[in-house]
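Engineer: Coordinates for the following, if possible.
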Amino acid sequence: MPIELRPGDRQPVFLQIAGAVRAAVARGEFTPGDPLPTVRQLAADLGVHANTVLQAYRQLAADGVVTARRGSGTFVNRGAPGAAERRVLADDVAERALRDTYAHGLTADDLTAALTRRRLHTAQHPPGGA
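Structural biologist: Residues are numbered from 1 along each chain as shown. Down below sits the predicted model:
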């Protein structure tokens, strides 16, 4: 599960980590019952403090995505809400896109029009030449 932290992002690092885990669950990279990397391992991999990862895992637990088992690790919940996770992931993507849009002096309507053009283009020319 590659996680790319965005240092200049106003979103706290723990929420970036939680969002990346949610995205991995939504994409099926983690399935119900799968263990997440240990707090220490993920913290070392990302170069962040273990408390930051712990806070992300606690947020995921509060959202019902994972369960922490003392002494065993953190696991994806059985019946983790796939559709809900996709919705949260889409909201996170939309928020970042809007921030970038506004930072470049564009409007939400500009972004919507660009997304519509891309969707039409992709429908006519699907990736992989299908």
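Engineer: for stretch 110-125, which positions count as buried?
Structural biologist: With burial defined by 16 or more other CB atoms under 10 Å, the residues of stretch 110-125 counted as buried are residue 111. Placement of C-beta: from N, CA and C, glycine included.
Engineer: next one: stretch 94-113
Structural biologist: 101, 111.
Engineer: And for stretch 59-68?
Structural biologist: Buried residues in stretch 59-68 (16+ other CB under 10 Å): 59, 60, 63, 65, 66, 67, 68.
Engineer: now the residues you listed in a markdown table, with pLDDT?
Structural biologist: Listed next are the buried residues of stretch 59-68 as a markdown table, based on pLDDT from 0 to 100:
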| residue | pLDDT |
| --- | --- |
| 59 | 94 |
| 60 | 94 |
| 63 | 86 |
| 65 | 90 |
| 66 | 93 |
| 67 | 93 |
| 68 | 91 |
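Engineer: From residue 93, how far off is residue 76?
Structural biologist: 21 Å (CB to CB, to the nearest Å).
Engineer: can you list contacts of the strand or helix carrying residue 96?
Structural biologist: If you go by DSSP states H and E, residue 96 is part of helix 82-103. Here helix 82-103 makes contact (CB atoms under 8 Å, 6 or more residues apart in numbering) with 9-11, 19, 22-23, 25-26, 63, 65, 107-108, 110-111.
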